[in-house]
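S.K.: sequence first, then the predicted structure, then my questions.
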Amino acid sequence: MTRGAARPHPSWRGFLAFSQPGRAAVLAAILTVCAFAAVSRDPYRQAYRAWREADPTLERDAAAAGPALSAAIDRVSNQAARYSAALAEFFARVASDQEQRLAFLNRARAAEPKFAPQAAQVVASEIASVRHSLQVYGNDPDPGIQQVRGMLDRENAALAALASALDGEQKAAAQVESATNAEEQARLKSLTQSQDSVTLARQQVSEANQEAAAWSEYYRTLSNAARGVAPAPVTPPVTTPAPAPAPEVRVPSATITPLPLARYAGAWTYPMSNGLFHGLEPEFVDLVVHEDENGRVDGTLFGRFKVSSGDPVIRFDFSGEFQNKRDQVFPLQTSDGAKGTVELIPGPAFNLLEIDFETEPKPGKVRQGNFMLVKK
Amino acid sequence: MRRVAFLLLLAAAAPAQVGSQLDSLAATAARASANWETLATGLDAKIARMLPCDPRLTQAIQDVSQASQARLAARNQYLQAALAESGQDTETARLAVQAGQTAARELETDRAEADEERIAVEGQLSDLSDSVKLRPALGDARTQLEAIAAKIAARSTAIQSQIARRAALLTALNNLYQARQARQRALEAQLSALSLETLRWTDYYAVRLARARTECDIINPNPPARRKQ
């Protein structure tokens, strides 16, 4: 690199063409825009997916603890720790970002300066003086006096116009002062609200860290229990049939539907790759369906879709009674209060469930979805 | 990259620069105003004992007139800078409102994700409860998982509370934005009023000077040709 005469890079020339205060304003604007950039959610979302996909059947497999389970628990525990750390980091960055971007609220505005407080007195004094002279000269017929009197009349008119303009300017200055005070009140109120919000955001970071510790403790306990169980199978495993190794093969007390209730009930998710859908493509979907012994069902679906605009997230609850038919339809209500229906259609395989839902339209909200879920 | 860092450093210093520039302009305007006030309030006493054609008389009026022009120009400069700063402050408030609106939507996502996590944990709990029936040693783990589910539910509640607080903050920021817009309009009105006042002062001093010359002309109608100064 040469050290010759410093020439600005072409891309800077436009910027340098601004005057110094103009440059400061442009730079301040750039900084302001930068300060309002959003914090990315990708790291914790990726960590969450990795954790959830690491071993979705871990808790179910815990019943039949084998030597490989401890290793699996450790692996899942690591993924959970990564997610928890990423989530806590996200909350911390959001809190810090909010604090930083609202830092301008800490800057109090100085009181409006008052210039030339005696200006009105000067004008009043001149008006009094001119009017006194006008009275003194009266209707004197002397041409010279008349000439001066004419000048005094003009001066009196100029002073009257000046007094009016000065009054207007003083009123405008009072308006500025009043507006500055109102702005200061609004700033202080915003500052208080901002401090409240930041305090809560910081608490959220602390709670996320507590969750992280709780997950770590949970997996440690699970691992210990698995290790404690592992040496136990002294008895030959074949002599007594293991009681119900796969929880999804639950036998309902009274099956109303033509297919086993397990074809509808349980935890379901949208596959990470090669998912089947019609209409909006899901990014992820989680569905939990519970049934009770009376044939009633309740469930919750949570999903995010690839949309070009609007809210990509939908969450709804549904409940009802199973009917004696293959495809089950239930009324639903979204977290935004929209009503609709959801149809549970058993898929071509035991672990597949097709979902078809539709809600009443709400601006910017997902209102339809049709996709295939796999059982967790 | 270094240039970008340099720019950001400069930008960080920019509000302080604007502030100090405003203070400097205010100080200049205050000095110019004080100077004019001294001359204006002393003018009548100063010229009272002068003869109409005394050149010091017109000079005294011209001095006050020039001081008036100087102080009004200084005030104009101050107000222009204050208006520029006000515009920047208003824009900052507008962006804060915009960011607050985005943050409110983001909180809805936080809540939805907490719900998603809660559902997932409920699934885990359901599986683990089945496993506990077969392996009672897993009971402690289930208790801990239940505690985690409660924490996640508490997170969802905390987010709900944060949503309410952010809504209050957003309202406050919106009020601040409107207050800043109102102040900006008030400053614009003051600048306009000052321009009119400047014209009126100029007119007045011109008439005042014309009267002084007229008074001289009446007393001394045929003055010798003025020497060039």
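M.R.: Yes, it's here.

S.K.: burial check on residue A:361, number of neighbours?
M.R.: Residue A:361 is flanked by 10 other residues according to other Cβ atoms under 10 Å in any protein chain shown. C-betas here are computed from N, CA, C, even on glycine.

S.K.: need the per-residue pLDDT for the closest residue to it other than its chain neighbours.
M.R.: In space, and not counting its chain neighbours, residue A:361 is closest to residue A:367: 5.4 Å by Cβ to Cβ, 6 or more residues apart in numbering or on different chains. pLDDT for residue A:367: 90.

S.K.: okay, now residue A:367: neighbour count?
M.R.: Neighbour number of residue A:367 under other Cβ under 10 Å is 15.

S.K.: now stretch B:24-40, how far from the centre of its chain.
M.R.: 23 Å (Cα atoms, centre = their mean, to the nearest Å).

S.K.: what is the subsequent helix or strand relative to the strand or helix carrying residue A:191?
M.R.: Here residue A:191 sits within helix A:143-229, counting by DSSP states H and E. Beyond helix A:143-229 in the direction of the C-terminus, DSSP H and E gives the next helix or strand as strand A:266-269.

S.K.: can you give me the domain boundaries for chain A?
M.R.: A:17-239, A:247-375 (automatic domain parsing).

S.K.: can you put these in a markdown table and add distance to residue B:196?
M.R.: Shown next, in a markdown table, are these (distance: least, Cβ to Cβ, whole Å):
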| stretch | distance to residue B:196 |
| --- | --- |
| domain A:17-239 | 5 |
| domain A:247-375 | 49 |
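
S.K.: closest one to residue B:152 among those?
M.R.: Smallest distance to residue B:152 across those (Cβ to Cβ): 7.1 Å, for domain A:17-239.

S.K.: avg pLDDT for the closest one?
M.R.: Here the average pLDDT along domain A:17-239 is 83.

S.K.: hmm, back to that, now do the helix holding residue A:191: distance to the chain's middle.
M.R.: On Cα atoms, centre = their mean, the centre of helix A:143-229 falls 23 Å from that of its chain.

S.K.: do the same with stretch B:115-132
M.R.: 54 Å.

S.K.: so how far is the helix or strand hosting residue B:119 from its chain's centroid?
M.R.: Assessed by DSSP H and E, residue B:119 sits inside helix B:55-134. The chain centroid and the centroid of helix B:55-134 are separated by 11 Å under Cα atoms, centre = their mean.

S.K.: next, count neighbours for residue 205.
M.R.: Let's take chain A. 19.

S.K.: not quite, go with chain B.
M.R.: Neighbours of residue B:205 (other Cβ under 10 Å): 20.

S.K.: how much space between residue A:260 and residue A:350?
M.R.: 9 Å (Cβ to Cβ, to the nearest Å).

S.K.: wait, what's in contact with residue 127?
M.R.: Using chain A here. A:156, A:159-160, A:163 (Cβ atoms under 8 Å, 6 or more residues apart in numbering or on different chains).

S.K.: please refer instead to chain B.
M.R.: Each residue near residue B:127 by Cβ under 8 Å, 6+ apart is listed here: A:57, A:59-60, A:247, A:267.

S.K.: which of these has the most neighbours?
M.R.: Busiest of the contacts of residue B:127 [other Cβ under 10 Å] is residue A:59, holding 25 neighbours.

S.K.: so which bits of the stretch 251-376 of chain A are right by chain B?
M.R.: A:266-267, A:286, A:288, A:300, A:302, A:311, A:313, A:315, A:335, A:376 (Cβ under 8 Å from any Cβ of the partner chain).

S.K.: how about the residue located most distally from the centre of chain B: what's its closest non-neighbour residue?
M.R.: Distance to the chain centre peaks in chain B at residue B:134, reaching 69.2 Å (criterion: Cα atoms, centre = their mean). Counting by Cβ to Cβ, 6+ apart, residue B:134 lies nearest to residue A:63, which is 4.0 Å off, once chain neighbours are set aside.

S.K.: sec struct for that neighbour, please.
M.R.: helix (DSSP: H, G, I helix; E, B strand; the rest coil).

S.K.: cool, and residue A:356?
M.R.: With three-state DSSP as the basis, residue A:356 sits in strand.

S.K.: mind listing what it touches?
M.R.: Counting by Cβ under 8 Å, 6+ apart, residue A:356 has contacts A:342-343, A:345, A:369-370.
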